[in-house]
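> return a 3D structure for these sequence lines:
(one chain, ligands or ions: 1)
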Amino acid sequence: MEQLISLCKRRGFVFQASEIYGGLAGFWDYGPLGVELANNLKKEWWNAMVQDHENIFGIDGAIIQNPKLWEASGHVAGFTDPLVEDLVTNKRYRADHLAGVDSNDVDELNRLLEGKKSPDGNPLGPVRTFNMMMKTFIGPIEDTDSIAYLRPETAGSIFVNYKNVQETMRAKLPFGVAQVGKAFRNEISPRDFIFRVRELEQMEMQYFIRSIDQEAAYEQWRAFAWNFLKDRLGIAESNLQWHEHAEDERAHYAAAAHDVYFNFPQGFKELWGTHNRTDYDLSSHMRVSGQDLQYFDEETKERFTPYIIESSVGVGRMLLAVLTNAYHEETMDGETRVVLKLKPSLAPYKACVSPLLKNKPELVEKARTVFIALKKKFGMVMWDDNGNIGKRYRRQDEIGTPFCIVIDFDTLGENPDLLDTVTVRDRDTGTQERVAIKDLKQYIEEKM
Ligand code: ATP
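Just a heads-up that it's a prediction; the model follows:
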C-alpha cells in the first residue's frame, strides 16, 4: 500500500485533497493520470453495461433529491454504522471493525468489546449508532425543514425515475437503468487510501424484473461482475473471491447479496456487490409518495411491482484494484523496475514518442510528426525527450504506457532499409520491434 500511495502521488494519479492545508480525511483528488485511468474504467463499464445491452438505459440524476426519497428508502432511519469512542483521545472507530465481526448489532458489539482497549490503548465508551448521510441545507434558512442529504448511493434517483425511463423508452421487463456518479458517506474511519472514502463515485445498475426471474437475473449480474473484472480489466482470477453475505450482514432491503472481493494490499475486501433488493424499493416509494409505480403487462394484463437486482461498484475501489493488480517490481536488464502492467485499453497514456537525441533537430522534427499523428488518433500520447532512453522507458513503465516509440538515425535513412521505420518497445517484455511509420496506428490499435 505504501508503495502504491507513493507511486500515485509521485506520478500524478492521486493527491490528498487540500494537501497544502493538511488534507481532509476521506477525500482525495485525482491527478492527470488518475483522471484518465478512472475515465477509462467508467468508459469500459458504460460500454459493457449500457451500450452492449439493448435493454439497459443510462441516466444522470441529481446528487441532492427530495429528502423524502431517503426516508422512503430507509436511509434516514437505517443507514447507520456502529461507532465507539476512545475516551481519552475522542477518536471514533467502527465498533464492528474493532470487534472483528461483520455485525451491526449494538448489544453483541458491546458484549464483544467489553474490557477491550482502543488502538491507542485507552478505554472505550459504549457502542452507539451513527447515521452516515451527509447533510446540507437548501435555501437561505438553516432549519429542520431545509435539511437535505447528499446522496449516499446513486441508486435512489434510479428507483424514482423508474416510471419515466420505462415510459419514455417503451421498455418491457426485464430492463435496467444505469448511472455513474458521486455519492457521499460520512464514514467513521475512512482509511486504506482510496478504498474507504467519504466522497466516492459509484457505477450502479438496477435491473427491473418479474419476481419469478429473481434467481436467473441474480446469477446473470453476478457473472457480469466477475467477467468484467477478468476480461475487460484484465484482473487475475487469483485476486478475486466470492463472498456471500450472511443474513445479519445484509443491508435492510436485501434478500441475497454476493460481493466480489479483491485481493487489496490490506487483504481480500469488498469490491463489487450484487444484491437482490426484492420489491422493497418500489413498494416503499409507492407507499411514501402515493404514486403508482406498478408495471402493467400489456399481454397478460397483469399489474404488479417489479423486483430489482442491483449491481454496484465504486470507481475508486476499482481503480485501486486495477493498480494493485498491475503493480510489479521486477528486474529487467539487470535493473529493478516498477511497472504497471495495465491492459493497453486502460493505460492513461497509450504511447510515448521520443527522438533518440533531443539536440538533433532533424530527429526532433521527424519525431514531432510521428507524435502529432499518433496524438490525433489516440489522444493520450506523451512526448518525452528528457534524459537517456533507459530512463524514459522506466518512467513510462511506472505509469503503464504500453508502447515507447523512438525515432533514430535509421528512421532518417542512415540504414536505407530502415528508412521511415521506428523502434517500438513493449512495456511488459522489453522487446523492441522495427515498425514502419505508416503502419504504427494499426500496430497500436491491434495490440489494444
Ligand atoms: P462496505 O461494507 O465496504 O462499507 P457497502 O457494503 O456499504 O461497503 P455498498 O453500499 O454495497 O457498499 O456500495 C456499493 C459499492 O460502492 C461497494 O462495493 C464499493 O465498491 C463502493 N463503496 C461503498 N462505500 C464506499 C466507500 N466509503 N469508499 C469507497 N467505495 C465505497
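
> just to check, Thr431 is in contact with Arg425?
Yes: proximity of Thr431 to Arg425 meets the contact threshold set by CB atoms under 8 Å, at 7.3 Å. C-beta: built from backbone N, CA, C; applies to glycine.

> using PDB, list the CA coordinates for the lengthiest helix in the chain.
Using DSSP state H to assign secondary structure, the helix with the most residues in the chain is helix 361-378. Extracted as PDB, the C-alpha positions of helix 361-378 are listed here (Å, rounded to 0.1, in the frame of the first residue of the first chain):
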ATOM      1  CA  PRO A 361      16.800  19.000 -34.900                       C
ATOM      2  CA  GLU A 362      16.200  16.500 -37.800                       C
ATOM      3  CA  LEU A 363      15.400  13.700 -35.300                       C
ATOM      4  CA  VAL A 364      13.200  16.000 -33.200                       C
ATOM      5  CA  GLU A 365      11.300  17.200 -36.300                       C
ATOM      6  CA  LYS A 366      10.600  13.700 -37.500                       C
ATOM      7  CA  ALA A 367       9.600  12.600 -34.000                       C
ATOM      8  CA  ARG A 368       7.200  15.500 -33.800                       C
ATOM      9  CA  THR A 369       5.400  14.500 -36.900                       C
ATOM     10  CA  VAL A 370       5.000  10.900 -35.600                       C
ATOM     11  CA  PHE A 371       3.900  12.300 -32.200                       C
ATOM     12  CA  ILE A 372       1.300  14.600 -33.700                       C
ATOM     13  CA  ALA A 373      -0.200  11.900 -36.000                       C
ATOM     14  CA  LEU A 374      -0.500   9.400 -33.100                       C
ATOM     15  CA  LYS A 375      -1.900  12.100 -30.700                       C
ATOM     16  CA  LYS A 376      -4.600  12.900 -33.200                       C
ATOM     17  CA  LYS A 377      -5.500   9.300 -33.400                       C
ATOM     18  CA  PHE A 378      -5.200   8.100 -29.800                       C
END
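
> which of Thr431 and Arg425 has more neighbours?
Arg425 (21 against 8; other CB atoms under 10 Å).

> for the more buried one, give me phi and psi.
phi -110, psi 130 (degrees, to the nearest 10).

> which residues touch the longest helix of the chain?
Identification of contacts with helix 361-378 by CB atoms under 8 Å, 6 or more residues apart in numbering yields 350-351, 353-358, 381, 383, 385, 405, 407-409, 411-412, 422, 437, 440-441, 444.

> give the next helix or strand downstream of that helix.
Next helix or strand after helix 361-378 toward the C-terminus (DSSP states H and E): strand 381-383.

> which helices and strands does that next one pack with?
strand 351-355, helix 361-378 (3 or more CB pairs under 8 Å, 6 or more residues apart in numbering; DSSP states H and E).

> for the longest one, buried residues please.
Think helix 361-378. Neighbour counts using 16 or more other CB atoms under 10 Å place Leu363, Val364, Lys366, Ala367, Val370, Phe371, Ala373, Leu374, Lys375, Phe378 of helix 361-378 among the buried residues.

> between that helix and strand 351-355, how big is the angle?
Angle, helix 361-378 to strand 351-355, by axes from the mean of the first three to the mean of the last three CA atoms, to 10 degrees: 170 degrees.

> report the rounded mean pLDDT for helix 361-378.
The average pLDDT within helix 361-378 is 97.

> domains for the protein, by residue range?
Annotated domains of the chain cover 2-73+134-323, 80-131, 349-447 [automatic domain parsing].

> for the shortest one, what is the distance to the chain centroid?
This points to domain 80-131. Once both centres are worked out by CA atoms, centre = their mean, to the nearest Å, domain 80-131 turns out to sit 29 Å from its chain's centre.

> now the end-to-end length of it.
4 Å (CA to CA, to the nearest Å).

> again with the last one
Across domain 349-447, the straight-line distance between its terminal residues is 14 Å, by CA to CA.

> now find how far off-centre that domain is within its chain.
Centre-to-centre, domain 349-447 and its host chain are 31 Å apart (CA atoms, centre = their mean).

> ok, the closest residue to the ligand within the chain - how many residues close by?
Nearest residue of the chain to the ligand, counting by CB to the nearest ligand atom: Gly314, 2.9 Å away. If you count neighbours by other CB under 10 Å, Gly314 ends up with 23.

> surely it touches Arg196?
No: counting by CB under 8 Å, Gly314 does not reach Arg196; the two are 9.5 Å apart.

> any idea of the pLDDT on His252?
69.

> got the residues of this protein near the ligand?
With CB under 6 Å from any ligand atom as the criterion, the chain meets the ligand at residues 153, 185, 187, 196-197, 200, 202, 270-273, 312-314, 316-317.

> of all these, the one with the weakest confidence?
Note: of the residues of the chain next to the ligand, the lowest pLDDT belongs to Glu187, at 91.

> give me the low-pLDDT residue ranges for the stretch 151-300 of the chain?
252 (pLDDT under 70).

> what about stretch 333-346, average pLDDT?
Taken as a whole, stretch 333-346 carries a mean pLDDT of 94.

> please renumber so the chain begins at 33
Yes, from this point I'll number from 33; that puts the last item at stretch 365-378.

> can you list contacts of that stretch?
Contacting residues not belonging to stretch 365-378 are listed as 35, 39, 69, 72-73, 76, 265-266, 354-355, 358-363, 379, 382, 422, 426, 429-432, 434-435, 459-460, 462, 476, 479-480 [CB under 8 Å, 6+ apart].

> quick one, strands of the stretch 183-332 of the chain?
If DSSP state E, counting those that start in this stretch is used as the criterion, the strands of the stretch 183-332 of the chain fall at 207-216, 231-241, 272-276, 288-296, 299-310, 327-328.

> how about these in TSV, adding distance to Ile91 and mean neighbour count?
Putting those into TSV (distance: least, CB to CB, whole Å; neighbours: other CB atoms under 10 Å) gives the following:
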stretch	distance to Ile91	mean neighbour count
strand 207-216	5	21
strand 231-241	10	23
strand 272-276	29	15
strand 288-296	24	21
strand 299-310	17	20
strand 327-328	18	15
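
> redo those as CSV? Include distance to Gly157.
Listed next are these as CSV, based on distance: least, CB to CB, whole Å:
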stretch, distance to Gly157
strand 207-216, 26
strand 231-241, 28
strand 272-276, 31
strand 288-296, 30
strand 299-310, 27
strand 327-328, 49
